[in-house]
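In: Okay, structure incoming, though there's no sequence with it:
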Ligand SMILES: Cc1ncc(COP(=O)(O)O)c(C=O)c1O
């Protein structure tokens, strides 16, 4: 087949999304440029209120990225040198990177094979065995929540803080509660590939605690509450008004886009199940009352060859994540070895994200499913 006629189903199609909102986005950006007010200011304040309301929290504090949201949350929790923070090794690097950057020690705990998220029983065990655990960072991976109730119960019993990494989970719900509202703080990313993405980098921390909100707002501007008066050593991590303006436009479309992702997930489930393929579909836990499908990740046999086969058929996929964090060179000093987190390691070999963005059509999903069937049919 020549590439000229080949159907293309990209993993992400931001241009197709941009066409829908181009006029609105340009008007919002133009307004900021005309105002010449670029740093924090009214647009950022309005977005903070809107995201806080969307996430059912009292406060939102905008910052420069999801990575910085995690860093600021840990700083606000006064996590520092030698403190231990429990998290998953099966996540984007930033989750553990933020812990290590503060001189704290990531304590990895394996995930549940069905949900890809922290196994709460292992969290409890880690709390029993490790001293100086000051916080837990559950990650709501791919748009589905970690099992928060038992994690929060264990944390509360020991006075340990829970910081949600909700970078991939805006609008996701655990037993009817929004991601970012369940722990003491929630961290969001507005990286362009997220369900709510800006035109560059951006992030936010949500919280219900006024003291944390005040500290976060200071920490993102060098720990400054009053101009040139510094109560803490903070960082420069401001969300700029241009990004906030774009995000406010996109927020109006977010539910519609997330619903389109949910519809695509349903079609994948129907198509892939009907074909009886050797793939495991992403499970939806009983507590997951709203899944926002930032990614639709299957587990499959012969993953790398399947990925190459799909690429040849014009289908974009991605491996999230090919190397668990305990196996990364930069974390060798933590002393973990291969085999320590068998579920994460297995997922790293089997996981494959299929195109699920809102611009993917039902026909695209059928095409992807048929191509997966063709791959396994051919390799019989
Ligand atoms: C789970 C998770 N945590 C943190 C981040 C960091 O967000 P950012 O890229 O905005 O710094 C990401 C972004 O990919 C993520 O997926």
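Out: Right, received. Where do you want to start? Source: prediction; values computed, not measured. Residues are numbered from 1 along each chain as shown.

In: Give me every residue in the stretch 1-150 of the chain lying close to the ligand.
Out: Proximity of the stretch 1-150 of the chain to the ligand, by CB under 6 Å from any ligand atom, involves residues 65-67, 91-92, 94-95, 139. (Each C-beta comes from the backbone N, C-alpha and C, glycine too.)

In: Look through this structure and state the residue closest to the ligand.
Out: residue 66 (2.4 Å; CB to the nearest ligand atom).

In: how many other residues sit next to that residue?
Out: 27 (other CB atoms under 10 Å).

In: Please flag which of the residues of the stretch 1-150 of the chain next to the ligand sit within helices.
Out: 66-67, 94-95 (DSSP state H).

In: does residue 30 sit in a helix or strand, and which one?
Out: helix 14-35 (DSSP states H and E).

In: Quick check: mean pLDDT of that helix?
Out: The pLDDT scores in helix 14-35 average 97.

In: List the buried residues of it.
Out: 17, 24-25, 28-29, 32 (16 or more other CB atoms under 10 Å).

In: now, the most widely separated pair of those?
Out: 17 and 32 (20.2 Å; CB to CB).

In: which residues in the stretch 151-300 of the chain form strands?
Out: 161-165, 173-174, 177-178, 185-189, 203-207, 224-226, 229-230, 279-280, 288-290, 296-300 (DSSP state E, counting those that start in this stretch).

In: So what angle separates the directions of the first one and strand 203-207?
Out: By that I understand strand 161-165. Put simply, strand 161-165 runs at 140 degrees to strand 203-207, going by axes from the mean of the first three to the mean of the last three CA atoms, to 10 degrees.

In: Remind me what strand 161-165 packs against, helices and strands.
Out: Secondary-structure packing of strand 161-165 (3 or more CB pairs under 8 Å, 6 or more residues apart in numbering; DSSP states H and E): helix 66-76, strand 133-137, helix 148-157, strand 185-189.

In: can you put those in a markdown table and add mean pLDDT?
Out: Output for the helices and strands packed on strand 161-165, formatted as a markdown table (pLDDT from 0 to 100):
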| stretch | mean pLDDT |
| --- | --- |
| helix 66-76 | 98 |
| strand 133-137 | 98 |
| helix 148-157 | 98 |
| strand 185-189 | 98 |
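
In: winner for burial among these?
Out: strand 185-189 (a mean of 31; mean count of other CB atoms under 10 Å).

In: Describe which strands that strand pairs with in its sheet and in which direction.
Out: Using DSSP bridges, strand 185-189 pairs in its sheet with strand 161-165 (parallel), strand 203-207 (antiparallel).

In: for the helix holding residue 30, the distance to its chain's centre please.
Out: Counting by CA atoms, centre = their mean, to the nearest Å, helix 14-35 is centred 24 Å from the centre of its parent chain.

In: what's it packed up against?
Out: helix 241-274.

In: What are the buried residues along the helix it packs on?
Out: Applying 16+ other CB under 10 Å to helix 241-274 flags 241-251, 253-254, 257-258, 260-262, 264-265, 267-269, 271-272 as buried.

In: Between helix 14-35 and that helix, find me the angle.
Out: 170 degrees.

In: Helix 241-274 close to the ligand?
Out: No: judged by CB under 6 Å from any ligand atom, helix 241-274 makes no contact with the ligand; its nearest approach is 11.1 Å.

In: avg pLDDT for that helix?
Out: 98.

In: do the same with stretch 288-306
Out: Mean predicted confidence for stretch 288-306 is 98.

In: ends of that stretch, how far apart?
Out: 29 Å (CA to CA, to the nearest Å).

In: Next: stretch 140-152.
Out: 14 Å.

In: One more: stretch 53-63?
Out: 17 Å.

In: Which residues does that stretch contact?
Out: With contacts defined as CB atoms under 8 Å, 6 or more residues apart in numbering, stretch 53-63 is touched by 40, 44, 47-52, 69, 72, 166, 170-171, 177-181, 186, 188, 202-210, 212-213, 216-217, 220, 237-239, 244, 251, 254.

In: Please apply the same query to stretch 19-27.
Out: The contact list for stretch 19-27, computed with CB under 8 Å, 6+ apart, reads 18, 199, 246, 249-250, 253.

In: now do 7 Å
Out: 246, 249-250, 253 (CB atoms under 7 Å, 6 or more residues apart in numbering).

In: cool, stretch 184-193 as well?
Out: For stretch 184-193, contacts defined as CB under 7 Å, 6+ apart pick out 12, 14, 55, 57, 65-66, 69-70, 73, 161-167, 170, 179-180, 196-198, 201-207, 209, 212, 243, 247.

In: If any of those are buried, put those into a ChimeraX selection.
Out: Here is the ChimeraX selection string for the buried members of the contacts of stretch 184-193, based on 16+ other CB under 10 Å:
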select :12,55,57,65,66,69,70,73,161,162,163,164,165,166,167,170,179,180,196,197,198,201,202,203,204,205,206,207,212,243,247
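
In: can you list the residues of the stretch 151-300 of the chain near the ligand?
Out: So far as CB under 6 Å from any ligand atom goes, the stretch 151-300 of the chain lies against the ligand at 165, 167-168, 189, 191, 201, 203.
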